[in-house]
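A.B. asks: Sequence first, then the predicted structure, then my questions.
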Amino acid sequence: MGGLPALERVDHVALTVPDLDEAVAFYRDVIGGTELYRLGPFDAAEIPRMPDGTDWTAAHVNVPGARIRIAMMRVAENVMLELLRYEKPLDARREPPRNCDAGGHHIAFKVQDLAAAVSYLTSKGVRVMAGPIALSDGPAAGLKAQYFLDPFGNQLELVEYGSLPYMR
């Protein structure tokens with residue numbers, strides 16, 4: 001079977017946020033994550049250029065002239081979340097893509113009790129979308145899901161699998 005040689009697992013998911021401290025507080029205090037470390041700033045203007053003359057951030061993250069700060073969070077036993085704050089370029093978009101946009105995304109968290117999790121988020125003032133979505137037939141019958149947003153509008157999801165045997 002082909003594929004990426006030596007692939008083990010997904011290491012982390014990354015979100016770009018407009019306020020690193022606020023993002024860390026949300027993912028720590030509301031979601032329950034643990035901040036592991038912070039890095040940066042990494043500023044293209046202060047880092048030596050690559051041998052071909054390209055600035056460091058253009059070569060490494062495909063954003064010329066960037067200044068980046070990073071916080072790594074452990075959000076669950078198997079989820080590492082890297083939060084990125086681009087201080088430059090100043091013309092960067094501050095709103096996340098919509099789910100229908102190219103690059104649109106969401107992170108789904110598995111929960112044992114969707115109703116309890118939604119009630120908790122609501123009590124914390126989190127914007128919870130309409131729902132839950134409940135599938136009653138087909139290969140995912142029994143699945144329940146609920147979308148919600150972080151303080152910056154990033155799409156997040158709660159999923160309860162019920163008795164689906166392949167999702168335990």
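C.D. replies: Noted; the coordinates are in hand.
A.B. asks: Domains in the chain, by residue range?
C.D. replies: What automatic domain parsing lists as the domains of the chain is 10-91, 105-168.
A.B. asks: wait, doesn't residue 74 sit right on residue 82?
C.D. replies: No - Residue 74 lies out of contact with residue 82 (CB atoms under 8 Å); the separation is 10.8 Å. Heads up, the C-betas are built off the backbone N, CA and C, glycines and all.
A.B. asks: ok, and what's touching the longest helix along the chain?
C.D. replies: Using DSSP state H, we find that the single longest helix of the chain is helix 114-123. Residues outside helix 114-123 that contact it (CB atoms under 8 Å, 6 or more residues apart in numbering): 30, 111, 128, 131-132, 144-146, 148, 158-160.
A.B. asks: does residue 74 belong to a helix or a strand, and which?
C.D. replies: Using DSSP states H and E, residue 74 sits within strand 67-76.
A.B. asks: What is the very next helix or strand once past that strand packed up against?
C.D. replies: Note on strand 67-76: by DSSP H and E, the next helix or strand toward the C-terminus is strand 79-88. Helices and strands touching strand 79-88, by 3 or more CB pairs under 8 Å, 6 or more residues apart in numbering; DSSP states H and E, are strand 13-16, helix 20-25, strand 34-43, strand 67-76, strand 107-110.
A.B. asks: Cheers, nothing more for now.
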